[in-house]
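Q: output the structure for:
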Amino acid sequence: MTPEEFRMKVLPEGRRLYALAFRFLNNREEAEDAVQEVMMKLWAERNRERNYESVAAWCTTVTRNCCIDVLRRRKRWQTEPPGTRVLSETIHPGNDSAGEKREAAGLIAEIVSRMKEPGRCAVIMRDLEGYSYEETAEALGSNVTAVRTVISRARKQIREEMEKIYRYGTGEDKRAARPLL
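A: Next comes the predicted model:
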């Protein structure tokens, strides 16, 4: 790939790659650094692009792998014990449906950030970034059927955790929700 081809094909992907990195890392500075690192890697490996059907899939794969590396480094250096992370949004009861949506979105983001791979990547790419199943499968190096299964399981995990959060303190449990007959 020539410098001109790189400028025309890869550089326009920058904004999309930043959005993807930000979804993974939840930190503006780390996402910017990750995209810069990705661009350097893409340039260094510009001849590997032919292994992928599209430049977008190639860029997405490199970005995803870079973000996973950042998260692994972050986890190694994390000093607080697991489970003590504060939710990004505080729960406030009220009638504000926009506030409720923001609260739910914050809770879902928190749940997704704690998920294990490949479910985390699949949900971010498919549900948050809007990639197709085919694009997600290509970026994850998998097939569409496997991606659908992973996403289904991840969504189930999100649903169950959200139900636990919203039931907490209400005295309601699964047995009470079922009819007695």
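Q: wait, Tyr131 sits on Ala139?
A: Yes: at 7.2 Å, Tyr131 and Ala139 qualify as touching, with contact defined as CB atoms under 8 Å. C-beta: built from backbone N, CA, C; applies to glycine.
Q: overlap of the contact sets of those two?
A: Residues touching both Tyr131 and Ala139 (CB atoms under 8 Å, 6 or more residues apart in numbering) are Thr60, Met125.
Q: between the two, tell me which one has more neighbours.
A: Ala139 (26 against 23; other CB atoms under 10 Å).
Q: okay, and the closest residue to the more buried one other than its chain neighbours sits in which element?
A: Excluding the flanking residues, the one nearest Ala139 by CB to CB, 6 or more residues apart in numbering is Thr60, at 4.3 Å. For Thr60, the element it lies in under DSSP states H and E is helix 55-77.
Q: tell me which residues are up against that helix.
A: 9-10, 13, 16-17, 20-21, 24-25, 30, 34-35, 37-38, 41-42, 45, 48-49, 51-52, 117, 121, 125, 131, 135, 138-141.
Q: buried ones in it?
A: If you call a residue buried by 16 or more other CB atoms under 10 Å, then helix 55-77 has these buried ones: 55-64, 66-67, 70-71.
Q: state the mean pLDDT of that helix.
A: For helix 55-77, the mean pLDDT works out to 82.
Q: what's downstream of that helix, the next helix or strand?
A: helix 97-114.
Q: check the offset of the host helix or strand of Glu161 from the chain's centre.
A: Assigned by DSSP H and E, Glu161 belongs to helix 144-167. Remark: helix 144-167 is offset 13 Å from the chain centroid, using CA atoms, centre = their mean, to the nearest Å.
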